[in-house]
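Participant: I would like the atomic coordinates for the input below:
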Amino acid sequence: MVVAGAGPVGMVAALRLAQAGVPVLVLEAGADLAMDSKASTFHIPSLELLDTLGIGDTMHEQGLKAPVFQQRERHGGILAELDLTVLSDVTRFPWRLQLEQNKLTRIILPILESMDNAEIRFNTRVARAEDAGDHALLWIDGQDEPISTEWLLACEGANSMVRQSLGFGFEGVTFPERFLVMSTSFEFRDAISDLAAVAYVNDPDEWIVLLRTPDHWRALMPIPADEPDDVAVSDARIQERLKGLHDPGSDYEILQHSLYNVHQRVASTFSQHRVLLAGDSAHMNNPLGGMGMNSGIHDAWSAVDTILAVRDGADADKASHLYGSVRAETCHQYVQVMTTGNFQDMQQKDREARAARDQMLVGLMSDPVAARDYLLKTSMLTSARESIARVQRELAAL
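Facilitator: Predicted structure coming up:
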């Protein structure tokens, strides 16, 4: 079994496969695990799944629990403050866990390295792959002979060479705006005393998302299409943006920043015989709501369920098709809809539409039933459980 990509999705899949007794080889193009911390929120269903792998305690030791998140006005107060602890009757983890994705992969790596049936190879870039029906072939940069594997799980990101070489479509859009993520040592709670660890600050001109991690605050902002990259990441422009939210009287200490394009894209299919796609290799979405990495982890879970079902006697082609169709349906009907809606809400400029959205948010504060439904949806709890259970149920029937 080969997993292409040692990001959070690939490493979760590899750990679960290895724990199930499946020999697994992870191929990573980089010289080490990536330091990318683009994703930093683990939702309830992901925490439930990862806890079963025995890494939940370590994640919580390193992470920050965030049971409360807010929708705020940029030049006003709180529109809505939602508390995930109202879901304590249906989960052991009624919170978001703020923990950068690179910390998850570093929790998993030594576990895999200690296992006899797991191997990870760095500096090993997949150049192309081939569907051979009852197995898959993949070629590595600089090597003439292909690797033959019973299953290939592609988790190597948006530019997946597995997806491209097999001719999977990747339809969707790239936003004209780019997103700028900044990390700062400034304590925003000193300036905004009622600020939650996760806050969506609405504004028709320049919204901002503030996320508290164990080490610092992260700020996410949109960059207009006509603003050059070098201007957007200049210290002067970063300071100007942050001071537009709050001016502390001196410059912010910026620990890290990155500028990236934002996509809403979904592969034409998530499976082809013994080749399965997961995470950004299969779908991409904007980060509002923190659903990209989480949905990728849910992909990985169902991909492993598929592989294990075939090991136990299920028809391989039917199982592969089932995985691809259910995960693609979940992506289209839930993840893409939710993340697109989140983006539209944050950048909404129409006054009446914004007023209606604000009224809905304010109404959640006085309607426990509506608030609970909203939390079940935004936490991914209902959709993830239903999708994963559906794959397991239908695999069992094959």
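
Participant: and Ala132, how far is that from Arg16?
Facilitator: 25 Å (C-beta to C-beta, to the nearest Å). From N, CA and C alone the C-beta is placed, and that goes for glycine too.

Participant: Compare the two (neighbour count), which wins?
Facilitator: The neighbour comparison of Ala132 against Arg16 (other C-beta atoms under 10 Å) goes to Arg16, with 22 against 14.

Participant: And the helix or strand hosting Asp373, what does it pack against?
Facilitator: In the assignment (DSSP states H and E), Asp373 maps to helix 368-378. Here helix 368-378 touches strand 78-83, helix 351-364, helix 381-396, going by 3 or more C-beta pairs under 8 Å, 6 or more residues apart in numbering; DSSP states H and E.

Participant: List the contacts of that helix.
Facilitator: If you take C-beta atoms under 8 Å, 6 or more residues apart in numbering as the criterion, helix 368-378 is touched by Leu82, Leu84, Val86, Leu87, Gly289, Met338, Gly363, Leu364, Met365, Leu381, Thr382, Ser383.

Participant: element containing the residue nearest to Ala396 when sequence neighbours are not counted?
Facilitator: Ranked by C-beta to C-beta, 6 or more residues apart in numbering and with sequence neighbours excluded, the top spatial neighbour of Ala396 is Ala309, at 7.4 Å. Taking DSSP H and E as the definition, one finds Ala309 inside helix 292-311.

Participant: Could you check that helix and say which residues are buried?
Facilitator: In terms of neighbour count (16 or more other C-beta atoms under 10 Å), helix 292-311 has its buried residues at 292-310.

Participant: Please list the outside residues in contact with whichever helix or strand comes after it.
Facilitator: Once helix 292-311 ends, the next helix or strand along the chain (criterion: DSSP H and E) is helix 316-330. Residues outside helix 316-330 that contact it (C-beta under 8 Å, 6+ apart): 134, 266-267, 269-274, 276-278, 282, 295, 298-299, 302-303, 305-306, 309-310, 383, 387, 390-391, 394-395, 398.

Participant: Hmm, Tyr252 is touching Leu242, no?
Facilitator: Yes. Tyr252 sits in contact with Leu242 when judged by C-beta atoms under 8 Å, with a separation of 5.1 Å.

Participant: any common contacting residues for these two?
Facilitator: Counting by C-beta under 8 Å, 6+ apart, the residues touching both Tyr252 and Leu242 are Thr184, Phe186.

Participant: So the residue of the chain most remote from its centre: helix, strand or coil?
Facilitator: No residue in the chain sits farther from the centre than Gly249, which is 35.3 Å out by C-alpha atoms, centre = their mean. Three-state assignment for Gly249 (DSSP: H, G, I helix; E, B strand; the rest coil): coil.

Participant: tell me the phi and psi of it?
Facilitator: Dihedral angles of Gly249 (phi, psi; degrees, to the nearest 10) stand at phi 90, psi 0.

Participant: Give me the distance between it and Phe186.
Facilitator: Counting by C-beta to C-beta - Gly249 and Phe186 are separated by 11 Å.

Participant: what do you get for Phe175?
Facilitator: Phe175 is 28 Å from Phe186, by C-beta to C-beta.

Participant: do Ser46 as well
Facilitator: The value you get for Ser46 to Phe186, if C-beta to C-beta is used, is 29 Å.

Participant: between the two, which one's more packed in?
Facilitator: Ser46 (28 against 19).

Participant: surely that one meets His298?
Facilitator: Yes. Between Ser46 and His298 a contact is recorded at 7.2 Å, counting by C-beta under 8 Å.

Participant: Is Ala18 in contact with Met115, as I believe?
Facilitator: Yes. Using C-beta under 8 Å, Ala18 is in contact with Met115, at 5.0 Å.

Participant: ok, the two, which is more surrounded?
Facilitator: Applying other C-beta under 10 Å to Ala18 and Met115 shows that Ala18 carries more neighbours, namely 23 against 15.

Participant: How much space separates Ala282 from Pro8?
Facilitator: For Ala282, the distance to Pro8 - C-beta to C-beta - is 14 Å.

Participant: In the protein, which residue is most central in space?
Facilitator: Residue closest to the chain centre, computed by C-alpha atoms, centre = their mean, is Met293 at 1.5 Å.

Participant: And the residue nearest to it when sequence neighbours are not counted, what's its pLDDT?
Facilitator: Spatial nearest neighbour of Met293, excluding adjacent residues (C-beta to C-beta, 6+ apart): Ala39 at 3.7 Å. Predicted confidence (pLDDT) for Ala39: 88.

Participant: Phi and psi next, for Ala39.
Facilitator: According to degrees, to the nearest 10, Ala39 has phi -100, psi 140.

Participant: give the contact list for it.
Facilitator: With C-beta under 8 Å, 6+ apart, Ala39 has these contacts: Pro8, Glu100, Gln101, Pro287, Gly290, Gly292, Met293.

Participant: How about His216: what's its closest non-neighbour residue?
Facilitator: Residue nearest to His216 in three dimensions, not counting chain neighbours: Ser183, with 4.9 Å by C-beta to C-beta, 6+ apart.

Participant: Next one: the one you found from Glu177, what distance?
Facilitator: Taking C-beta to C-beta, one finds Ser183 at 20 Å from Glu177.

Participant: And these two? Which one has more around it.
Facilitator: Ser183 (20 against 17).

Participant: buried stuff in the helix or strand harbouring the more buried one?
Facilitator: Using DSSP H and E, Ser183 sits in strand 170-184. Residues of strand 170-184 classed as buried by neighbour count (16+ other C-beta under 10 Å): Phe170, Glu177, Arg178, Phe179, Leu180, Val181, Met182, Ser183, Thr184.
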